[in-house]
Each structure stands twice: as C-alpha cells, then as structure tokens.
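Asker: Have a look; sequence and predicted model below, questions after that.
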Amino acid sequence: MIRLLIVDDEAGFRNAFAKLIHWKQYGYELVGTAENGEKAIEMIEKYECDVVFTDIEMPGIDGIEFMDYLHKNYPEIIIIVLSCYNEFEYARAALQKGAKDYITKLSITPTNIGELLEKIKKLLEENPPVKFKTEYDLNKFMNRTLAKNKHLTGYKELQVLPAPIREVLEKVYSERKFELTLNEAAEIAHVNPQYFSALFKKNINMNFVRYMAELKIGFAEELLINTNMKIYEIGLVIGIDNEAYFSRFFKKYTGMSPNSYKQNRE
C-alpha cells in the first residue's frame, strides 16, 4: 500500500477530503490527517509516508515551510498541493518547492482525484523511491563507509584525536556535512583555518580537502551498491548538484564512472 497523509488547517475540508474516495481501492492507505505542518512532521516521522496532500496557508509551519522541510529531509515523498487559490504565483511557488501537482479545492472531485492517484502510482512503479526512513538508515551507510575505508577515521578513533578535529568529524558523520569547506570546519572548531589544516594533516596523515573527497566517494559507493538511487540523486546527497561534475569527480578517484561502478558490482 502507498501511504498517504492529508494536511490542512480547515477541519471541514480535511475530513471531507479524507472521506471523498475509497483510498484502498486505488492501492493507498490513508495514515491520517494533520491540521498544521508541526503535526504533519510528527506523523511523517511515525508513519513513513509516500504521498502528502498539503494546503499552503496554515498557521505555524505553513505549506511552503513544510515543503521545504520535506524537500530537505524526505525528498522521495510526492507532494500534491491543495489550495483555495487558482493563481499562477501560488502554483509556481508550490512547484518550485518540489510539488508534483497543484489542485484548487473547488475543482476536486472523486474522479479527478482518482485519476491523480493512478498517475502517482504509475510514477512510483516506474521510479521506485529510495527511502532513508530513519536516522538509522543514514548512520548505517556512514558506518559502512568508515568500516570499508580504513584510511578514514572511525567513531572509536575519534576519541583520541584533538578536540578540534573530533568536533568537526563528529558533525560531518552525524549530519552528513559532505559539503563542508576548510574554512567552515575551522569555524566549527573555533580555530583559524591554517591551524586546523596543519593539525588535521598531522593527525590524519591527509589534508582536510582530500579527506572530505574520500569520504564523499566512499559514501557514494555505498549508495550505488545498496540503493536504487539515480546518479544525480547520489550526487545531491554528497553535496554535488551537477550530475556531469559528480561523474567526473567519481571517476577521478575510482577510475570508473558511477554507472560502470554500479554495473560491475551487480
């Protein structure tokens, strides 16, 4: 079953929409409804949703902020925006935030929602989403990366490193800060970049930029082998938003393209 959540601050509409059609008939499970973005985030973390119908104008965390959150933390979730407004600016804002479709509430019927659900189902069947459903999933890939690449510093080894290095690498590992620069690392460690660079190389036997590149490659290798993510999606995860550049970057360190690497290990 495809898990679906409805988010709208108007109780009347929310309840009516929830009862509009027989969701299971289309292969969907309605996990519930939420009256605002805060509640919706709680439910998404609990129920691991695949599709979200959300209003834009809501108190507290509104639809735009909510979509920002989903885009950052659950990019695989399909977002459908519900609105009272049939205006280009609203639609454009929603689509820019990653929404797959934009529907005005007055135009909703069982027929067009049913058609939309079928379209979404087909999309999911053709492009199965990769889900990092929990923080554990992300940590698992990071742990594998560190375990397989002995030249990278594991969690246990962190404890004997100087505090500035330990603080930075703990943040990198726990938050997947692959895009961290030397200056940003030094800022986190509360030291100047020159000092941090020298300290890092002395203790790790590799400069910081090279270390971050090796970490990116190791993590990308794990995703290529163990997930069905597309090449550009893996690039985004490790902080590279250009697929062509990511492919060149990957080949520079491994000697093969991401596609070739994946095929050789299937």
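Answerer: Alright, I've got the coordinates. Numbers count the residues shown, from 1 in each chain.
Asker: in the longest helix anywhere in the chain, what counts as buried?
Answerer: Looking across the chain with DSSP state H, the single longest helix is helix 208-226. Of the residues in helix 208-226, 208, 211-224 count as buried by neighbour count, 16 or more other C-beta atoms under 10 Å. For glycine as for every other residue, the C-beta is placed from the backbone atoms N, C-alpha and C.
Asker: average pLDDT across the following helix or strand past that helix?
Answerer: Later in the chain than helix 208-226, the nearest helix or strand by DSSP states H and E is helix 231-237. Averaging pLDDT along helix 231-237 gives 86.
Asker: Residues contacting helix 231-237, please?
Answerer: 75, 130, 176, 178, 219-220, 223-224, 227, 229, 241-243, 245-247, 258-259 (C-beta atoms under 8 Å, 6 or more residues apart in numbering).
Asker: and what of stretch 146-162?
Answerer: The contact list for stretch 146-162 (C-beta under 8 Å, 6+ apart) reads 143, 145, 165-166, 169-170, 173, 199, 203-204, 206, 211, 214-215, 218, 221-222.
Asker: Just the pLDDT for the residue lying farthest from the centre of the chain.
Answerer: Here the centre of the chain is the reference, and by C-alpha atoms, centre = their mean the most remote residue is residue 202, at 34.5 Å. Looking at residue 202, its pLDDT reads 96.
Asker: Adjust the sequence numbering to begin at 421 for everything that follows.
Answerer: Let's use 421 as the start, then, which means that last one is residue 622.
Asker: which residue ranges form the helices in the chain?
Answerer: Shown for the chain, the helices assigned by DSSP H span residues 431-438, 457-467, 483-493, 508-516, 530-546, 555-568, 575-578, 583-595, 602-609, 613-624, 628-646, 651-657, 663-674, 678-684.
Asker: weakest of those helices in terms of mean pLDDT?
Answerer: Minimum mean pLDDT among the helices of the chain: helix 508-516, a mean of 63.
Asker: quick one, what contacts the closest residue to residue 459 other than its chain neighbours?
Answerer: Once flanking residues are discounted, residue 459 sits nearest to residue 427: 7.9 Å by C-beta to C-beta, 6 or more residues apart in numbering. If a contact means C-beta under 8 Å, 6+ apart, then residue 427 has 453-457, 459-460, 472-475, 478, 483, 486 as its contacts.
Asker: now do 6 Å
Answerer: Residue 427 sits next to 454, 460, 474 when contact means C-beta atoms under 6 Å, 6 or more residues apart in numbering.
Asker: Any idea what the residue nearest to residue 521 when sequence neighbours are not counted is bridged to?
Answerer: Once flanking residues are discounted, residue 521 sits nearest to residue 500: 4.9 Å by C-beta to C-beta, 6+ apart. Beta-bridge partners of residue 500, counted by DSSP bridges, are residue 473, residue 521.
Asker: Nothing else from me, thank you.
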